[in-house]
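give me a 3D structure for the following:
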Amino acid sequence: MTVDKTPNHIKLLAGNSHLELAQKIAYVLDATLCKVYVNQTTNRESAVTIGESIRDEDVYIVQTGCGGDAINDYLMELLILIHACKSASARRITAIIPNFFYARQDKKDKSRAPITAKLIANLLTTAGCNHVITLDLHASQIQGFFNIPVDNLYAEPNVLSYIKENIINKSPNEIIIVSPDAGGAKRAASIADKLDKSFALIHKERAKPNEVSKMVLVGDVTGKTCIIVDDMADTCGTLCKATNLLLEEGKAKEVIGIVTHGIFSGTGITRINNSNMSKLVCTNSLPLTEKLKESNKIEILDISGLLAEAIRRLHNGESVSYLFTNAVD
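Predicted structure coming up:
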């Protein structure tokens, strides 16, 4: 005898790292965030309680890798949430991590250095995670650190749509796409090709991590509007130095920055405010409400629709690759 079974509903959970993004994803999906109580005890241990049944359900946990003092707390929250869902007999557990934790520690670049991104992959899998959805990984080889499926989404389609509507259609100058370093050349070249625009590259040498000592411009940007594209803005030293190089030595007319993850640690916001960059566009993969109050140069590109559509497609067994080339509002 065949028994019909009602398809599982989406169970969407959120940690404390970016509740605003989780609420926007829930709104797009026409879903309600599950009751989850995540707090810290007096000795700073993370304590988690799930306030409703998730037995035999597909669970999606939204937690992003925020910069700052709380990043390790958020990582532990995520691991404990995953383990709690596994203990509560969830059918499948998917972690939605827009900005992947420790993504920049993806290789052994010096003696006795750990590959911490691999450790994070092991921790997520051991905790009970069945699937990971992330956005613009700093290094795509991180996907190979997992023994479970990983969907690395791209902000590029939404970035292309933004550039066409808000820059190309409004700027009187010729547009050129600029990569701030050799590592981002592939990303910038891809955007330039799809926009049918020229491409320039800045070669940089670092004296030490997060400190650029020398920059050399490759390409002609004279009289053009330069769009610097990168995966993240942390201390913003590279972006500001690149802006000065383009305007002073390259004789560019205007510089606009577009990044996926706006970390803005340390004096990052101050540097952006004091720079000659017209504006800096970044996604809301990290919470930026307070940062927006400190700067009128930052503009937000909402990616909640992209993440919501990825969840919907994964839940319904549809292809996620559609999102690699199509923008989602």
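
any regions of the stretch 1-150 of the chain where pLDDT drops low?
For the stretch 1-150 of the chain, applying pLDDT under 70 flags the ranges 1-8.

what are the ranges of the strands in it?
Ranges of strands in the stretch 1-150 of the chain, per DSSP state E, counting those that start in this stretch, are 10-14, 36-40, 46-50, 58-62, 92-97, 131-135, 150-153.

tell me which other helices or strands the fifth one touches.
Identification of packing neighbours for strand 92-97 by 3 or more Cβ pairs under 8 Å, 6 or more residues apart in numbering; DSSP states H and E yields strand 58-62, helix 71-87, strand 131-135, helix 304-315. In short, each C-beta sits where N, CA and C put it, glycine included.

these: which one's closest to Gly237?
With Cβ to Cβ as the measure, helix 71-87 is the member of the helices and strands packed on strand 92-97 nearest Gly237 (19.9 Å).

starting at the chain centroid, how far to stretch 279-293?
In this view, stretch 279-293 has its centroid 12 Å away from the chain centroid, taken as Cα atoms, centre = their mean, to the nearest Å.

equivalent analysis for stretch 105-124, please.
The answer for stretch 105-124 is 19 Å, by Cα atoms, centre = their mean.

quick one, domains of this protein?
According to automatic domain parsing, the chain comprises the domains 10-154+304-324, 156-301.

endpoints of the first one, how far apart?
Right, domain 10-154+304-324. End-to-end span of domain 10-154+304-324 (Cα to Cα, to the nearest Å): 23 Å.

which of the helices and strands packed on strand 92-97 sits most buried?
A comparison of the helices and strands packed on strand 92-97 by mean neighbour count, using mean count of other Cβ atoms under 10 Å, puts strand 58-62 on top with a mean of 26.

quick one: strands adjacent to it?
Here strand 58-62 is paired, per DSSP bridges, with strand 10-14 (parallel), strand 92-97 (parallel).

what angle do the first one and strand 36-40 make?
Looking back up the chat, that one is strand 10-14. Interaxial angle of strand 10-14 relative to strand 36-40 (axes from the mean of the first three to the mean of the last three Cα atoms, to 10 degrees): 20 degrees.

what's strand 10-14 in contact with?
22-23, 25-26, 29, 31-34, 36, 50, 54, 57-63, 81, 85, 90, 311-312, 315 (Cβ atoms under 8 Å, 6 or more residues apart in numbering).

next, the buried residues of it.
Ile10, Lys11, Leu12, Leu13, Ala14 (16 or more other Cβ atoms under 10 Å).

in a markdown table, list those along with distance to Val281.
What follows is those, written out as a markdown table (distance: Cβ to Cβ, whole Å):
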| residue | distance to Val281 |
| --- | --- |
| Ile10 | 30 |
| Lys11 | 33 |
| Leu12 | 27 |
| Leu13 | 29 |
| Ala14 | 25 |
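
show me where this protein has helices.
Taking DSSP state H to define them, one finds helices in the chain at 19-29, 71-87, 116-127, 156-163, 185-195, 237-244, 268-274, 289-294, 304-315.

can you tell me which of these is nearest to Val150?
Comparing the helices of the chain under Cβ to Cβ, the one sitting nearest is helix 116-127, at 8.5 Å.

quick check: buried residues in that closest one?
Ala117, Lys118, Ile120, Ala121, Leu123, Leu124, Thr125, Ala127.

and for stretch 288-301?
Leu288, Lys291, Ser295, Lys297, Ile298, Glu299, Leu301.

among these, which are in strands?
Among those, the members found in strands (DSSP state E) are Ile298, Glu299, Leu301.

ok, what's across the strand from the second one?
Meaning Glu299. On the basis of DSSP bridges, Glu299 is bridged to Val281.

next up, the contacts around it.
Lys279, Leu280, Val281, Cys282.

let me know the closest of those residues to Val159.
Val159 has its nearest neighbour among the contacts of Glu299 in Val281, at 8.0 Å by Cβ to Cβ.

give me the neighbour count for that closest one.
22 (other Cβ atoms under 10 Å).

on that earlier part again, format the strands paired with strand 58-62 as CSV; extra columns: distance to Ala185.
Listed next are the strands paired with strand 58-62 as CSV, based on distance: least, Cβ to Cβ, whole Å:
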stretch, distance to Ala185
strand 10-14, 36
strand 92-97, 26
